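Novice: this one's structure only:
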């Protein structure tokens, strides 16, 4: 039994509370005032619920068919038709530049769309998710001819794209990659094997465009010798190119999303950007892609929460310990009377909604960073995006996975069966902690790169942003239960960040040892900040939805933010107890 | 790729350090001195690795076949032969009383056996696991005729047993059960539907004996009107009884373990014990069963850990941040150089081994409680068993699941594929948090029943036990890194327990609201205590295995025990923020 109501109303609250009016004023967003945007969000919710969700469990259970003779992949029955509908609605193109046929919509919209689509059918959604990265890379780095040839059809969804980075011997460490590209006239011939290629082969479209990292013959060793190429399944002359799917991975989840081994033998490719500078093209698109993966975290956790609540509403077991809540005419009380059922559900809900607020706020900052005429405002927004991207990716995927497990726990044995699909959400979610840079890679990005950048400017921007907020709001009597615990937490975060930075300068291994715990601590505080901004933003608003928000914010501060007290100690403890073991002791 | 070395050597360390010599001295254990016991443990490890493990992934992937026409269930090919071998080795009978053909082995042995067997093939192991509970119930409560009829064949494994408790409308709240039993001569006729019946139907044996909870016609309402019956698949006259499998659940994991709907229509049953006192028979066997489920937690987490380490040993990515550890002749360093890889592996390892120590210690206390002639010693042991059983079940299953997820994370994408089986371990493990009483039921048992019993005597026994230990060992210089943090934690646990008890007396809903967090806090401290006892017990021992133990104990105190700082705050906060929400707000 699948049950899902896309949280359209929550997005309205968030867009209003977190300042969507500023995004709507940006140049190019003339057609996207709040009401237009909300109408689009609502349509997206309907499509997710009515078209995508009914195919979700079917996709999981039927899976994919691979033909080793041809290298072709068949998606589950109905998925191709769903993809055509998806394109007909304009979803692939909505957020892309109007120059090549896109809708020019604010990036902010990507948050609700990605959330609804992933919740309703994550496997399916991954097809267009990967195209997004390729489109960004081409827009930023390709020459005009490549742009004209590929962007319109990628943006319309007529073709899809992939990202071919990983090889058997290199994942996190891309410097080890060995795929070769040899010049051949205006083009190149590529040979090598790529793995983990999402939608590397499928039957949605009649062409697939691969973005491939490879080495030119004169490439320096390591990460500084990587170039980027476009390698289409069919070359412009209509010939089948030498890039073929060699097999599919068998995975815990996302069963309807083909994870391909892609073999290249003298495949024709076209250089994107400058030789040996391919990693630059990659970094361009990482922020957005990582934000989107973070959103997957609470997307699946929300549908799991909703399913769990639907189960609870029909389930009676035991009696309330509070005689006033007992229903004597029933043989047992509804399980929502039990404090621990509430505790588990509210742990999930208060973090899910807080993470959604954080991601939405940062999605808006992406728009401001890209399009604000005010250089200071744009720079400030850019700092926040850069700093928060690894936090959102790491924290939301880890917490999202834990939340689905909690939502399952409330349901008892029913949650463990396939009947309610929560077990599928758990399986589908788990990969988000691994792909698009493992969560520890996010932590290293945060500690080793983002904190260090421009002598700590990114963190200072965040601290200033918080400072301005506190100055404005901390006197408010109605927010003291919320701002009080947050302020204490953020001040502690400042101290921990400073101390860790000092120690990390002298000892990079220490920084790496504590990075993951630091990311979690930062995530707890950042989500707390998002809650504070939301509550400040709905000041004076009356109604049940707003009252629930205020209770959830208080709940978050009291029941979730306190987890920080474990993490700050771990950051102090450091690395010695880890490094004391010889390799052979493991 | 499955890789598993049963931790036989670790059990030797634990048996020596935690006082197996006392267990070997108990009456009836004359044939089980340390060396004999270790030889048995070693054989169990060989059987697990060589016979059970090769069938594990096959079982997961082939699953079960159900014939709706006959209600028969076919287990995966090879499982029946494996079961015959398993019985031929004497494993089902080893721990049971010699009176009915058992081996009379100490209960202590159940810990390593259950660990190895679950790690190697959890689905398969569940068949005999359920018989165990039935055998205990019959030994304690059945009349001689029933004992003679059923115990020898159940103990030998010629037949298997089930526990039929849950019905569609009642799981946690057994008072709601409606299955009826009507007197019929010396026997009864039972009618009703039971769900979640593990190995309710299968093809291992030619008879299956069900222990069924049902109501007699004159039964009082609720939990005080439940009686216990034995309902065999084939009655003594060889006729097929009216208890038939109506279907199998489709589940996240344990795919080779049939989870059956069992329909009874005038099924012949025999009363076990006293009418309306059936719950007493259930409680008899709960401690052991729950301890065994707790062991599942670290069993699967250990095989996941070993798999993850095997992966790491072959994987090179990136460079050590410590130039002394770099291997310049290789293109990259082994990933065991990275602090975060170590951190994740050691989080898993230090908790797994600590949980194993705790469970082994409590398994020994079961032997002492059952067989010591010294009433005070037996009572003391019994208190510890009663108190720790819910802690072990709840903490070890929750932590075990998290540990498998961490072990997967270290492996990156490889961990998400079926190639390494870690994803199967995660799926198979997850149910342990739910069955045999959900983890919150354990928490309520701990807080509402065990702490309250005899005015807190159980907790006082634990506190005294710790006090005696500290008095003897806290002066030891070589243990101050270990005992110091533990002592602080246990003193805080004493305070929290006292404060929670005082508050819970006036407000039971408060107790229920904090119970799960209290169980986690208690688990963290209890595992810390187990580590302390192990390190004290290996005093003066030299060798690599002992040195690793000492480092792991220190690691546990510094990196894991600190999590307590979140939980004690949550217990203070209490219930108000949970109960503030109206039902319709969820």
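Specialist: Received the coordinates, thanks. Quick caveat, the model's predicted, so the values are computed rather than measured.
Novice: who's in contact with the nearest residue to residue A:320 once chain neighbours are set aside?
Specialist: Of all residues not flanking residue A:320 in the chain, residue A:337 sits nearest, at 3.8 Å (C-beta to C-beta, 6 or more residues apart in numbering or on different chains). Just so you know, the C-beta spots here come from the backbone N, C-alpha and C atoms, and that holds for glycine as well. Contact analysis of residue A:337 by C-beta atoms under 8 Å, 6 or more residues apart in numbering or on different chains lists A:319, A:320, A:322, A:325, A:326.
Novice: Now the buried members of those residues.
Specialist: Buried members of the contacts of residue A:337, counted by 16 or more other C-beta atoms under 10 Å in any protein chain shown: A:319, A:320, A:325.
Novice: Could you save the residues you listed as a markdown table and add columns showing distance to residue A:462, pLDDT and secondary structure?
Specialist: What follows is those, written out as a markdown table (distance: C-beta to C-beta, whole Å; pLDDT from 0 to 100; DSSP: H, G, I helix; E, B strand; the rest coil):
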| residue | distance to residue A:462 | pLDDT | secondary structure |
| --- | --- | --- | --- |
| A:319 | 48 | 94 | coil |
| A:320 | 44 | 94 | coil |
| A:325 | 43 | 89 | helix |
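Novice: Which residue ranges make up the domains of chain A?
Specialist: Domain ranges of chain A: A:8-65+A:73-155, A:156-280, A:449-580, per automatic domain parsing.
Novice: As JSON lines, these with mean pLDDT, distance to chain B and mean neighbour count would be great.
Specialist: Converted to JSON lines, the domains of chain A look like this (pLDDT from 0 to 100; distance: least, C-beta to the nearest C-beta, whole Å; neighbours: other C-beta atoms under 10 Å in any protein chain shown):
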{"stretch": "domain A:8-65+A:73-155", "mean pLDDT": "96", "distance to chain B": "9", "mean neighbour count": "20"}
{"stretch": "domain A:156-280", "mean pLDDT": "96", "distance to chain B": "4", "mean neighbour count": "20"}
{"stretch": "domain A:449-580", "mean pLDDT": "97", "distance to chain B": "4", "mean neighbour count": "19"}
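Novice: Would you agree residue A:119 is in contact with residue A:295?
Specialist: No - assessed by C-beta atoms under 8 Å, residue A:119 is found out of contact with residue A:295, at 9.7 Å.
Novice: if I look at residue A:231, how far off is residue A:215?
Specialist: 14 Å (C-beta to C-beta, to the nearest Å).
Novice: swap in residue A:540?
Specialist: 60 Å.
Novice: Strands along chain A, start to end?
Specialist: Taking DSSP state E as the criterion, chain A carries its strands at A:65-67, A:72-74, A:160-164, A:180-184, A:187-198, A:208-214, A:227-232, A:243-248, A:259-272.
Novice: Now tabulate these in CSV and tack on distance to residue B:301.
Specialist: Shown next, in CSV, are those (distance: least, C-beta to C-beta, whole Å):
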stretch, distance to residue B:301
strand A:65-67, 33
strand A:72-74, 35
strand A:160-164, 33
strand A:180-184, 42
strand A:187-198, 26
strand A:208-214, 36
strand A:227-232, 41
strand A:243-248, 29
strand A:259-272, 26
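Novice: Residue B:206: which of those is closest?
Specialist: Nearest of the strands of chain A to residue B:206, taken as C-beta to C-beta: strand A:65-67 at 40.6 Å.
Novice: Which strands or helices does that closest one pack on?
Specialist: strand A:72-74, strand A:243-248 (3 or more C-beta pairs under 8 Å, 6 or more residues apart in numbering or on different chains; DSSP states H and E).
Novice: can you list the residues of the stretch 251-400 of chain A near chain B?
Specialist: Where the stretch 251-400 of chain A comes near chain B, counting by C-beta under 8 Å from any C-beta of the partner chain, the residues are A:251-253, A:309, A:312, A:316-318, A:320-322, A:331-332, A:334, A:336, A:338-340, A:342-343, A:345-346, A:349.
Novice: Let's see which of these end up in helices.
Specialist: If you go by DSSP state H, those have A:309, A:312, A:339, A:340, A:342, A:343, A:345, A:346, A:349 in helices.
Novice: so the last one sits right up against residue A:552, yeah?
Specialist: Yes - counting by C-beta under 8 Å, a contact exists between residue A:349 and residue A:552, whose distance comes to 6.4 Å.
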